[in-house]
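Q: predicted structure and sequence below. I'll ask about it afterward.
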Amino acid sequence: MKHYEFMFILRTDLDEETKTATLARIKEVIEKNGFSVLKEENRGVQKLAYEINKQVSGNYFLYYLDTESTTAIKTASVTLNILPGMLRYIFIKKEKHEIEKEA
């Protein structure tokens, strides 16, 4: 079993309905590609280190995931790249004991 942290940043100018729909779509994509979500965290709105698509702040989210699939990140990235509210995302491979400690 492989364990990951999945952090992503959404635009802050999304209305609540669009933000909720985007979060549901993201969760659907990662579960469809073989991930199981262990924990979800909303890290809130934070200032970006540099401007991304004319945005100076973003809404940060962190998911702890695990998967058996070796191609899960690659297949999920295809869909995540085209989501309109997404500014950036990253998958970070973690050891199981690191995920348990943080979650």
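A: Right, received. Where do you want to start?
Q: what residues sit buried inside stretch 60-78?
A: By neighbour count, with 16 or more other CB atoms under 10 Å as the criterion, the buried positions of stretch 60-78 are 60-61, 63-67, 72-73, 76. (Glycine included, C-beta is placed from N, CA and C.)
Q: should've said stretch 48-64
A: Counting neighbours by 16+ other CB under 10 Å, the buried set in stretch 48-64 is 57-61, 63-64.
Q: and the lengthiest strand in the chain, what's its mean pLDDT?
A: Under DSSP state E, the strand in the chain containing the largest number of residues is strand 35-52. Per-region confidence: strand 35-52 scores 94 on mean pLDDT.
Q: would you map the helices across the protein?
A: Taking DSSP state H, the helices of the chain run over residues 16-32, 72-80, 96-102.
Q: chain center to the longest one, what's the gap?
A: In other words, helix 16-32. For helix 16-32, the separation from the chain centroid amounts to 10 Å (computed by CA atoms, centre = their mean, to the nearest Å).
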